[in-house]
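**Student:** need the 3D shape of this:
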Amino acid sequence: MKKIALFIILILSAFSFAQKKSAPNEKTEKLTLYKTHAHASYYNDKFNGKRTASGRKFNNSKFTAAHKKFPFGTKLKITNEKNNKSVIVEVIDRGPYSKRREIDLTKKAFIKIASNKGSGSLKVKIEVLTN
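**Tutor:** This is a model prediction of the structure:
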């Protein structure tokens, strides 16, 4: 009976280790600078539930973004240059469709890094996460 219990504990701990190892970790991933002083804004709530260019449904309470060039699924670290707060987002949509804006963030991602919660845009640093 002790051997069976020990075996189960061993399997569960191995499974737990495998899950932790496979989870994305910013410290083990490489950051490549893409752009500084980029203009970021956020999506309006009216887009909630609508399909993005990637086919996924948009949700303003997730950590996703729209960019004109990055492939869908690309992970980006977005840092507010004013307060140095950052967030990791996944590109799931195309846009923004304004020449002066570089990236659109979900409202949740934007608010997490914003100094002034009432502002509509930020100057950010964009870095690409790669393995």
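**Student:** where in this structure is pLDDT low?
**Tutor:** 1-27 (pLDDT under 70).
**Student:** tell me which stretches of it form helices.
**Tutor:** 2-22, 107-113 (DSSP state H).
**Student:** show me what the shortest one is packed against.
**Tutor:** The helices and strands touching helix 107-113, judged by 3 or more CB pairs under 8 Å, 6 or more residues apart in numbering; DSSP states H and E, are strand 30-42, strand 75-80, strand 86-93, strand 121-130. The way it works is simple: take the backbone N, C-alpha and C, and place the C-beta from them, glycine included.
**Student:** what's the closest non-adjacent residue to the spatially most central residue of the chain?
**Tutor:** Residue closest to the average C-alpha location in the chain (CA atoms, centre = their mean): residue 89, at 1.2 Å. Nearest residue to residue 89, sequence neighbours excluded (CB to CB, 6 or more residues apart in numbering): residue 65, at 4.2 Å.
**Student:** who's in contact with residue 33?
**Tutor:** With contact taken as CB atoms under 8 Å, 6 or more residues apart in numbering, residue 33 is in contact with 125, 126, 127.
**Student:** how about a cut-off of 10 Å?
**Tutor:** For residue 33, the contacting residues are 77, 125, 126, 127, 128, by CB atoms under 10 Å, 6 or more residues apart in numbering.
**Student:** run a quick neighbour tally on the third one.
**Tutor:** Which is residue 126. 22 (other CB atoms under 10 Å).
**Student:** doesn't residue 80 make contact with it?
**Tutor:** No - contact criterion CB atoms under 10 Å: residue 126 and residue 80 do not qualify, at 11.4 Å.
**Student:** overlap of the contact sets of those two?
**Tutor:** Common neighbours of residue 126 and residue 80 (CB under 10 Å, 6+ apart) are residue 40.
**Student:** run a quick neighbour tally on residue 84.
**Tutor:** The number of residues packed near residue 84 is 9, by other CB under 10 Å.
**Student:** now residue 116
**Tutor:** 9.
**Student:** cool, and residue 78?
**Tutor:** The number of residues packed near residue 78 is 25, by other CB under 10 Å.
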